[in-house]
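Student: The sequence isn't on hand, but the structure is:
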């Protein structure tokens, strides 16, 4: 039975390492979905050769995170296999009983792992620990742009039928949603930093954006004809500005 418990501990630690890796990737500007996928890919050694993986290899901080995940993953996989063999080959209690404990333990571990509430509580703690005890290259500008709070810098690829495609930056009015366009990457051209409002965005372009995390996630999947989401985002940003204005007024009168 000790070997089964040891296996569950290894699995729990592996899941924690993957989550820490995902948060570390988030702190370098990746979106949450991409960060989780790449952390799992690096830890498992799957090695998907995608444009996202290339962005990790080219970025020094992301490359260090991926390298550490790969090393820890190789140890974790070997330990899990060895412990699993010991769980069912060793003498002692009956195999069905051990199998039942293992299955129940995995279900217990999957609960917190899939819980959004648990992850929302765990993520800020991991971010604080990483900020304090690591030397990620983004440390200076992360504090300046509040990237460890609700703001993120992300890259969004423009699909052919997405809301962003075939419009100029000025026509999109992303500033009214509280989102800043920091740059545009094109396959056939150099990087365009601080692009002008007259620049027309094409399918395949890679946008570098700064804004609130949930708004960036929504924008990355916004459908072509979804003007309601744009109006909702503008209204939300206006409420944020009004609240900030009230806070400044209270500070000035205090």
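Tutor: Yep, that arrived. Predicted, not measured: the structure shown is a model, and the values here were computed from it.
Student: which ones are touching the spatially most central residue of the chain?
Tutor: With distances taken as CA atoms, centre = their mean, residue 32 lies nearest the centre of the chain, 2.3 Å away. Counting by CB atoms under 8 Å, 6 or more residues apart in numbering, residue 32 touches 22, 26, 213, 217. C-betas here are computed from N, CA, C, even on glycine.
Student: If you rank the residues you listed by neighbours, which is first?
Tutor: Neighbour count (other CB atoms under 10 Å) singles out residue 22 as the most crowded of the contacts of residue 32, with 26 neighbours.
Student: elements contacting the strand or helix carrying that one?
Tutor: In the assignment (DSSP states H and E), residue 22 maps to helix 2-27. Counting contacts by 3 or more CB pairs under 8 Å, 6 or more residues apart in numbering; DSSP states H and E, helix 2-27 is packed against helix 32-44, helix 60-89, helix 95-114, helix 116-133.
Student: tell me how far that helix is from the chain's mean position?
Tutor: With CA atoms, centre = their mean, to the nearest Å as the basis, helix 2-27 stands 17 Å off its chain's centre.
Student: Give me the mean pLDDT for it.
Tutor: Computed over helix 2-27, the mean pLDDT rounds to 76.
Student: could you check the angle helix 116-133 makes with it?
Tutor: 70 degrees (axes from the mean of the first three to the mean of the last three CA atoms, to 10 degrees).
Student: How about the helix or strand that contains residue 228, which residues are buried there?
Tutor: Taking DSSP H and E as the criterion, residue 228 maps to helix 227-253. Buried residues in helix 227-253, defined by neighbour count with 16 or more other CB atoms under 10 Å: 229-230, 233-234, 237.
Student: any chance of these in CSV, with pLDDT and distance to residue 197 too?
Tutor: Below are the buried residues of helix 227-253 laid out as CSV (pLDDT from 0 to 100; distance: CB to CB, whole Å):
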residue, pLDDT, distance to residue 197
229, 92, 21
230, 93, 16
233, 93, 18
234, 93, 17
237, 92, 18
